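>>> just the structure for this:
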Amino acid sequence: ATLTDTLTLTPGAATLAELERVWREGLAVRLDASARPRIEASAARIAAAAAGDQPVYGVNTGFGKLASVRIAPEDTATLQRNLILSHCCGVGEPIEEPTVRLIMALKLLSLGRGASGVRPVLIDLLEAMLARGVLPVIPSKALSNMRMISALSLDTMVPRALSHRIGTVALPVIRGAARR
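Numbering: from 1, shown residues only. Next up is the predicted model:
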């Protein structure tokens with residue numbers, strides 16, 4: 001696929017045939033523009049909650065047994081980073097690239113429904129990664145019983161890993177070369 005081989009998907013309306021094309025043909029994926037207002041509104045709600053006085057589970061509180069522990073507004077970004085880091089591990093052979101592309105497309109569709117609170121920049125980055133063939137290496141076995149969360153956490157970690165290099169060597173969580 002090249003930058004011109006892009007399939008526009010609408011959250012809540014994508015078909016199995018469209019998803020099969022992503023898997024079989026390696027198409028890049030872009031969310032339909034109609035999803036953007038929901039994504040932006042959701043991100044604004046989460047940003048307000050993170051800065052606000054009311055406790056919101058997992059946004060400005062801990063998780064599980066730490067749900068009653070309030071997180072200071074200046075520490076909420078660290079809380080979210082640590083949540084991703086705690087779930088993005090696994091072992092085993094990497095999942096095949098077509099399946100990783102499909103996981104990323106499904107993640108975009110999920111985020112595009114506007115219920116997650118992610119910033120639009122994450123949507124843009126995932127779309128650009130698919131367009132350029134930059135894919136996370138997702139191990140076939142998660143180190144917890146939450147394999148999908150582990151896979152999607154790895155998917156989320158790629159933007160962070162892209163900004164971390166040792167000399168000229170990229171971190172091993174990324175496969176594929178940028179397409180021109």
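>>> let's verify residue 141: helix, strand, or coil?
Look at residue 141: counting by DSSP: H, G, I helix; E, B strand; the rest coil, its state is strand.
>>> pLDDT score for it?
Predicted confidence (pLDDT) for residue 141: 75.
>>> which residues of the protein fall in helices?
16-25, 36-51, 76-87, 97-111, 120-132, 147-162 (DSSP state H).
>>> who wins for proximity to residue 62 among those?
Comparison of these against residue 62 by C-beta to C-beta identifies helix 76-87 as nearest, at 7.6 Å. Where you see a C-beta, it was placed from the backbone N, CA and C, and this is true even at glycine.
>>> buried stuff in the closest one?
When neighbours are counted by 16 or more other C-beta atoms under 10 Å, the buried residues of helix 76-87 are found to be 76, 79-80, 83-84, 87.
>>> would CSV of the helices of the chain with distance to residue 9 be doable?
Conversion of these to CSV gives the following (distance: least, C-beta to C-beta, whole Å):
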stretch, distance to residue 9
helix 16-25, 6
helix 36-51, 13
helix 76-87, 24
helix 97-111, 6
helix 120-132, 10
helix 147-162, 16
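>>> so which of these comes closest to residue 7?
Relative to residue 7, the nearest member of these by C-beta to C-beta is helix 16-25, separated by 6.1 Å.
>>> tell me which other helices or strands that closest one touches.
strand 6-9, helix 97-111 (3 or more C-beta pairs under 8 Å, 6 or more residues apart in numbering; DSSP states H and E).
>>> how about the CA coordinates for that helix, as PDB?
Output for helix 16-25, consisting of C-alpha atoms alone and laid out as PDB, is shown next (Å, rounded to 0.1, in the frame of the first residue of the first chain):
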ATOM      1  CA  LEU A  16     -16.400  -6.900   7.500                       C
ATOM      2  CA  ALA A  17     -15.500  -6.500   3.800                       C
ATOM      3  CA  GLU A  18     -13.700  -3.200   4.500                       C
ATOM      4  CA  LEU A  19     -11.800  -4.700   7.400                       C
ATOM      5  CA  GLU A  20     -10.900  -7.700   5.300                       C
ATOM      6  CA  ARG A  21      -9.400  -5.300   2.700                       C
ATOM      7  CA  VAL A  22      -7.200  -3.800   5.400                       C
ATOM      8  CA  TRP A  23      -6.000  -7.200   6.400                       C
ATOM      9  CA  ARG A  24      -5.600  -8.700   2.900                       C
ATOM     10  CA  GLU A  25      -4.500  -5.600   0.900                       C
END
